[in-house]
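In: no sequence on this one, just coordinates:
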Ligand code: ARG
């Protein structure tokens, strides 16, 4: 793995989902989808077997079992293409280096939980983060695969307080309530950065909870390069963003549990997670400490506090030796990716409103152009839960 910066799909705003009724994807694999995928696989790579032979096998397998099994090479290719197709992700330049952990034989909630923990350990590598996906059992006709209900493998609880506020991450307040209903013992006293348990169900069973061991959660304490008081805010964030609730669909087969991670871009933490009003809402606190004139919006105190927040995030990850991208470099890398795709004769659909960073948009080159329109039917893909 190189030391070049990359990051995985940046994902859409959504409330943290709570378990929903029947899994949607437990039907038979569709032959057309399988064919389309195998054709793509054979056109972009040089497999040992001919396309005709492979198609014959797969048609036969679908006729007799209702589904088929990807070879390891097909699985790896499919997962990487799903990343390459993720229109909201700015970090797609290194799609081809995604590490694929094949755990298709694993479906019991406790074994899934254990492999999620192992995923975190091997992807974190003490800060030298590697983009990794772990793929668990697929849905088969009448036999749905396991599901991970957490939005990410590591998320902080949002504890509702008596005063009607939330302590911690407001995004996860519903999920936190649900975990408590299922028997989660929240830390006493409730903190702002309490790691939530994994909530996993096997097939259509009730979800079960599993704690993520402390040592699998690498965190970075936040300090500022110029302001010593920043450390007194006692903020931190986890090193690895690992999306865990997006089913992966390849050639008509759905893998409902396929957690994947890249690494952070500073603005995700410094301009959104810690700043959004319904999350940690920290700009007023930082503005105050900076002694800014907060009497009117026109003083741009928010903008000034925001930049200091992002600086603190970059600086803290750098001194902790944890991989992190910044929005300037990542934006130009993305344009390199688009150009490379064009040279390979492919389009690179992208969602402008997701690609443009939430800070200093117009200073980055991605702001000044538009991109091909994404097609929601494109596969392989990570689906929205
Ligand atoms: N924005 C999400 C978060 O702040 C993470 C989405 C994926 N990001 C990434 N760099 N791979 O937790």
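Out: Here it is on my side, so go on. Keep in mind that what you see is a predicted model, and the values were worked out from it rather than measured. Numbering: from 1, shown residues only.

In: For stretch 119-126, which residues meet the burial criterion?
Out: The neighbour-count check on stretch 119-126 (16 or more other Cβ atoms under 10 Å) flags 119, 120, 123, 124 as buried. Where C-beta positions appear, they are placed from N, C-alpha and C, glycine not excepted.

In: which one of those sits closest to residue 97?
Out: Closest approach between the buried residues of stretch 119-126 and residue 97, by Cβ to Cβ: residue 123, at 12.8 Å.

In: ok, the closest one touching residue 241?
Out: No: applying Cβ atoms under 8 Å, one finds residue 123 not in contact with residue 241, separated by 10.1 Å.

In: and for these two, which residues touch both?
Out: Common contact partners of residue 123 and residue 241 (Cβ atoms under 8 Å, 6 or more residues apart in numbering): residue 261.

In: Pipe the buried residues of stretch 119-126 into CSV and attach secondary structure, distance to residue 201 and pLDDT per row.
Out: Listed next are the buried residues of stretch 119-126 as CSV, based on DSSP: H, G, I helix; E, B strand; the rest coil; distance: Cβ to Cβ, whole Å; pLDDT from 0 to 100:
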residue, secondary structure, distance to residue 201, pLDDT
119, helix, 18, 98
120, helix, 20, 98
123, helix, 23, 98
124, helix, 26, 98
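
In: Could you list the low-pLDDT ranges of the stretch 1-150 of the chain?
Out: The model of the stretch 1-150 of the chain has pLDDT under 70 over residues 1-27.

In: For the strand or helix carrying residue 317, name the packing helices and strands.
Out: Secondary-structure assignment from DSSP states H and E places residue 317 in helix 301-320. Packing partners of helix 301-320 (3 or more Cβ pairs under 8 Å, 6 or more residues apart in numbering; DSSP states H and E): strand 219-221, helix 266-267, helix 283-289.

In: So what touches the shortest one?
Out: Looking back up the chat, that one is helix 266-267. Here helix 266-267 makes contact (Cβ under 8 Å, 6+ apart) with 310, 313, 314, 317, 324, 325, 326, 327, 357, 358, 359.

In: so what's the spatially closest residue to residue 286 that is not a sequence neighbour scoring on pLDDT?
Out: Spatial nearest neighbour of residue 286, excluding adjacent residues (Cβ to Cβ, 6 or more residues apart in numbering): residue 305 at 4.3 Å. Looking at residue 305, its pLDDT is 98.

In: Show me which positions of the helix holding residue 317 end up buried.
Out: Within helix 301-320, the residues scored as buried using 16+ other Cβ under 10 Å are 301-302, 304-306, 308-317, 320.

In: circling back: which of the helices and strands packed on helix 301-320 sits most buried?
Out: Ranked by mean neighbour count, these are led by helix 266-267 with a mean of 24 (mean count of other Cβ atoms under 10 Å).

In: Check whether that one comes near the ligand.
Out: No: using Cβ under 6 Å from any ligand atom, helix 266-267 stays clear of the ligand, coming no nearer than 9.2 Å.

In: Please apply the same query to stretch 372-385.
Out: No: using Cβ under 6 Å from any ligand atom, stretch 372-385 stays clear of the ligand, with a minimum separation of 10.9 Å.
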